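Novice: sequence first, then the predicted structure, then my questions.
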Amino acid sequence: MGGSPFGAAEVVVAASPQEAIDAFGDGDGVTVLAGGTIVVPDVTYGRLDARKVVLIGRAGLSGVRSEGGRTVIGAGTTLAELEDAVEPLGTCARRVADPEIREQATLGGNLCAPPGAESPRGDLQAGLLVLDAQVRSAGAGGERTESVEDVLASPGGRLVLDVSVAEPEAAATATVRRPHAHAYTVMRVCAARVAGEVRVAVSGAGPRAVRLRAVEAAVAGGADAESAAGHALEDVTPQDDALASGWYRGKVLPVLVRDALTKIG
Ligand SMILES: Cc1cc2nc3c(=O)[nH]c(=O)nc-3n(C[C@H](O)[C@H](O)[C@H](O)COP(=O)(O)OP(=O)(O)OC[C@H]3O[C@@H](n4cnc5c(N)ncnc54)[C@H](O)[C@@H]3O)c2cc1C
């Protein structure tokens with residue numbers, strides 16, 4: 001007993017972004033460990049059999065800076081460091097779990113979180129979607145930057161380096177959660193006006209957050225919040241899990257969409 005929780009796996013502690021990129025390579029057989037709030041329990045309880053683990057907590061991938069009118073957030077930035085970030089990201093970060101988890105959990109880990117079996121994960125994903133986030137990553141074929149929508153549609157296989165988000169003219173969230181620090185958020189809708197365009201997304205309805213494009217189209221066509229919210233279920237089929245049924249989520253989602261749209265005016 002004792003020793004590394006990773007057993008026979010090769011463990012690399014990256015000390016710089018380049019070391020992390022080199023250790024990740026093409027990503028084959030590699031498990032990235034950032035804050036470890038998902039990976040460590042998964043390894044400990046035998047849900048994840050890691051062959052090579054790359055620890056990026058000391059790789060210099062954290063930090064927030066302004067660049068070209070956007071905010072660039074390092075993948076290793078903790079959710080605690082994002083509590084005052086551009087809205088609605090700040091609100092999403094503040095509502096995750098408790099201070100202990102937020103001090104460990106990272107933006108990259110939240111973006112890349114595999115869907116939980118019993119509760120949703122990836123609370124920051126809807127915020128990233130409405131802020132037109134662009135994700136810079138490394139892996140097979142080298143470095144590339146793509147929209148967070150594309151990353152969420154084809155998850156895995158890349159090392160996320162940083163994420164750049166737009167400065168919105170208005171932003172809001174509407175949420176169903178349970179009043180317990182360790183409870184996961186049941187479902188969250190984020191809405192933002194970015195460069196004059198209203199963007200709406202939901203996390204917690206499906207395995208990963210999605211944009212509600214039918215709602216966005218209705219708003220662009222002049223619909224009010226109530227009518228636009230009537231299109232909330234055209235882009236997502238709400239899921240069942242231990243927190244809530246798909247039926248319940250389907251009833252609540254249009255209400256959250258209407259509330260978030262009303263808040264951004
Ligand atoms: C008690 C408790 C409560 C929680 N409550 C919430 C909640 O309310 N909402 C919520 O969203 N989550 C919640 N979580 C889950 C988790 O804490 C967060 O999703 C967190 O942001 C994950 O980040 P991490 O750095 O710890 O990820 P890790 O565990 O390090 O990694 C998670 C996944 O992302 C991958 N990964 C990490 N960084 C990168 C990167 N840079 N590039 C590529 N892949 C990467 C890992 O390989 C792994 O697959 C909770 C967890 C616990 C234990």
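Specialist: Alright, I've got the coordinates. Numbers count the residues shown, from 1 in each chain.
Novice: what about Ser164, distance to the ligand?
Specialist: Ser164 sits 15 Å away from the ligand, taking CB to the nearest ligand atom, to the nearest Å as the criterion. Just so you know, the C-beta spots here come from the backbone N, C-alpha and C atoms, and that holds for glycine as well.
Novice: quick check: residues of the stretch 1-150 of the chain near the ligand?
Specialist: Residues of the stretch 1-150 of the chain that fall close to the ligand, judged by CB under 6 Å from any ligand atom: 31-39, 56, 75, 79, 96-97, 101, 104-106, 108-110, 112-114, 121-123.
Novice: repeat that with 5 Å
Specialist: Contact residues (CB under 5 Å from any ligand atom) of the stretch 1-150 of the chain with the ligand: 32-39, 75, 96-97, 101, 105-106, 108-110, 112-113, 121, 123.
Novice: buried subset of those residues, written for ChimeraX?
Specialist: For selection in ChimeraX, the members of those meeting the burial criterion (16 or more other CB atoms under 10 Å) are listed in this command:
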select :32,33,34,35,36,37,38,39,75,96,97,101,105,106,108,109,110,112,113,121,123
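Novice: how about the residue in the stretch 151-265 of the chain that the ligand sits nearest to, secondary structure?
Specialist: Of all residues in the stretch 151-265 of the chain, Val160 sits closest to the ligand, at 3.6 Å by CB to the nearest ligand atom. Assigned by DSSP: H, G, I helix; E, B strand; the rest coil, the conformation of Val160 is strand.
Novice: what residues does it make contact with?
Specialist: Contacts for Val160 were tallied using CB atoms under 8 Å, 6 or more residues apart in numbering; they are Ala75, Gly108, Leu111, Cys112, Val135, Arg136, Ser137, Val151.
Novice: how does it look with 6 Å?
Specialist: The neighbourhood of Val160, defined by CB atoms under 6 Å, 6 or more residues apart in numbering, consists of Ala75, Gly108, Val135, Ser137.
Novice: who does the third one bridge with?
Specialist: The one in question is Val135. For Val135, the beta-bridge partners are Glu146, Val163 (DSSP bridges).
Novice: count the residues that sit near it.
Specialist: 24 (other CB atoms under 10 Å).
Novice: so who does it touch?
Specialist: Contacts here follow CB under 6 Å, 6+ apart; on that basis Val135 touches Glu146, Val148, Val151, Val160, Val163.
Novice: ok, of these, which one's closest to Gly46?
Specialist: Proximity of these to Gly46 (CB to CB) peaks at Val160, which lies at 25.9 Å.
Novice: report pLDDT for that closest one.
Specialist: According to the predicted model, the pLDDT of Val160 comes to 98.
Novice: now the one 10 residues further on
Specialist: We note a pLDDT of 98 for Ala170 in this prediction.
Novice: excluding its backbone neighbours, what's nearest it?
Specialist: Nearest in space to Ala170, with sequence neighbours left out and distances taken as CB to CB, 6 or more residues apart in numbering, is Ile264 at 4.2 Å.
Novice: all good on my end, thank you.
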